[in-house]
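Asks: here is a sequence with its predicted model. Questions after.
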Amino acid sequence: MDEVHGQMQDTFRSISSPARGLFKDNGSRFIACAYPVETEDEVKEIVDSLKKEYHDARHHCYAYRLGYLGDRFRANDDGEPSGSAGRPILGQIDSNALSDILIVVVRYFGGIKLGIPGLIRAYRTSSADAIANARIVEKVAARMFRVSFGYMEMNGVMKIVKELGLTPCNQDFGMACSLDVAVRLSAADDFIARLSGLGGCDVTEL
């Protein structure tokens, strides 16, 4: 997966909206919940919410991968034997070449132990079902920058932003002006070069 994202393409694969998957084995139920996410804060919020929603479940195992490079990731077994839950979930994310995605698998124990091979199969299969039920989309790969500039440079900065078809956010046009903007990979070098040509601008990658 890192090779795919490492090609610095302008798009990468993710999912458009939440999706569910299910696998049952010997009375145990594995409910897989897939979500599009972009930050670790979103991951924590969703995991905490699902733990409350499924408070009577035995385990809430999950994995996520974030960013166009897919270089931020984690797999969590939540009490299951090491490597039997989080890694199979992450494996399904990677085999589908996805990023900006979180999958949480909620397990209700059925009273019969499945063994590590059985757990791996259950977490893998339920995650695959959730992905199969999701809509795969191409997301624009972008780098986020903060531009700081003097008031006299505002027209020049906004002209560059408009010409490149960018949408600024977190704008502050006080005594010291600044704005944040996401720039697609193929335009990032041009964006930086143009701003450098203005003078009086400071560009920081977030």
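Replies: Okay, I see it. Numbers count the residues shown, from 1 in each chain.

Asks: element containing T125, please.
Replies: Element membership for T125 (DSSP states H and E) is helix 115-132.

Asks: care to break this structure down by domain?
Replies: Domain segmentation of the chain under automatic domain parsing yields 2-139, 142-205.

Asks: contact partners for L90?
Replies: 63, 65, 73, 75 (Cβ atoms under 8 Å, 6 or more residues apart in numbering). From N, CA and C alone the C-beta is placed, and that goes for glycine too.

Asks: just flag the most distant two among those residues.
Replies: Across the contacts of L90, no pair lies farther apart than R65 and A75, at 9.5 Å, counting by Cβ to Cβ.

Asks: neighbour count winner among those two?
Replies: Using other Cβ atoms under 10 Å as the criterion, R65 and A75 rank with R65 on top: 26 against 18.

Asks: and the spatially closest residue to the more buried one that is not a sequence neighbour, what's its pLDDT?
Replies: Spatially, and ignoring its direct neighbours in sequence, R65 is nearest to F73 (4.2 Å; Cβ to Cβ, 6 or more residues apart in numbering). Looking at F73, its pLDDT stands at 98.

Asks: just say helix, strand or coil for F73.
Replies: strand (DSSP: H, G, I helix; E, B strand; the rest coil).

Asks: quick one: stretch 95-115 to chain centroid distance?
Replies: How far stretch 95-115 lies from its chain's middle: 17 Å, per Cα atoms, centre = their mean, to the nearest Å.

Asks: end-to-end on that stretch?
Replies: With Cα to Cα, to the nearest Å applied, stretch 95-115 spans 24 Å between its terminal residues.

Asks: same thing with stretch 96-106?
Replies: Span of stretch 96-106 from end to end, Cα to Cα: 21 Å.

Asks: now that stretch: average pLDDT?
Replies: On average, stretch 96-106 scores 98.

Asks: for stretch 158-172, same thing?
Replies: 94.

Asks: kindly report the same for stretch 186-196.
Replies: Averaging pLDDT along stretch 186-196 gives 93.
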